[in-house]
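Novice: need coordinates for the following:
(one chain, ligands or ions: 1)
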Amino acid sequence: MTNSTQNLSKNPTIVDNKPTIMQLEAGKYYWCSCGLSTNQPFCNGGHKGTEFTPVAFEITEKQTVAVCQCKYTANAPFCDGSHIKLDSASSAHA
Ligand code: FES
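Specialist: Model (predicted):
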């Protein structure tokens, strides 16, 4: 799912319309907020040239988390259910 025409957009690129469930070890991570990273859900520097910056977060102990892949969460980097509202608006995208 690539959409490089959104590189300079103010809207993030929707990577998926659902979160990715991951088991993360304790440590510091950088969540991709632009949707352009090829190392989803983490930053790989793909935001360069956009107004997006990665969101740093820390996991203090090994745990399973739901990481936002639609990039519209208000609780980054975690899914807050916002992707449900996008489903109808972006169904042509899928
Ligand atoms: S995947 Fe983004 S809010 Fe759920």
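Novice: for the closest residue to Glu25 other than its chain neighbours, give its distance to Ala26.
Specialist: Leaving aside its sequence neighbours, Glu25 sits nearest to Lys62 (C-beta to C-beta, 6 or more residues apart in numbering; 5.3 Å). For every residue, glycine as well, the C-beta is placed using N, CA and C. With distances taken as C-beta to C-beta, to the nearest Å, Lys62 is found 6 Å from Ala26.
Novice: which of the residues in the helix or strand hosting Val65 are buried?
Specialist: Val65 belongs to strand 63-67 when elements are defined using DSSP states H and E. Neighbour-count burial for strand 63-67 flags 65-67 (criterion: 16 or more other C-beta atoms under 10 Å).
Novice: other residues contacting that strand?
Specialist: 19-24, 31, 41, 59, 77-79 (C-beta atoms under 8 Å, 6 or more residues apart in numbering).
Novice: what residues are up against the residue nearest to Glu25?
Specialist: Taking C-beta under 8 Å, 6+ apart, one finds 23-26 in contact with Lys62.
Novice: pretty sure Leu86 is in a helix, no?
Specialist: Yes. Leu86: assigned to a helix according to DSSP: H, G, I helix; E, B strand; the rest coil.
Novice: doesn't Tyr72 make contact with it?
Specialist: Yes. Using C-beta atoms under 8 Å, Leu86 is in contact with Tyr72, at 6.0 Å.
Novice: quick one: which of these two has more around it?
Specialist: Tyr72 (19 against 15; other C-beta atoms under 10 Å).
Novice: pLDDT score for the closest residue in space to the more buried one that isn't next to it in sequence?
Specialist: Nearest residue to Tyr72 in three dimensions, chain neighbours excluded: Ser82, at 4.5 Å (C-beta to C-beta, 6+ apart). On pLDDT, Ser82 comes in at 97.
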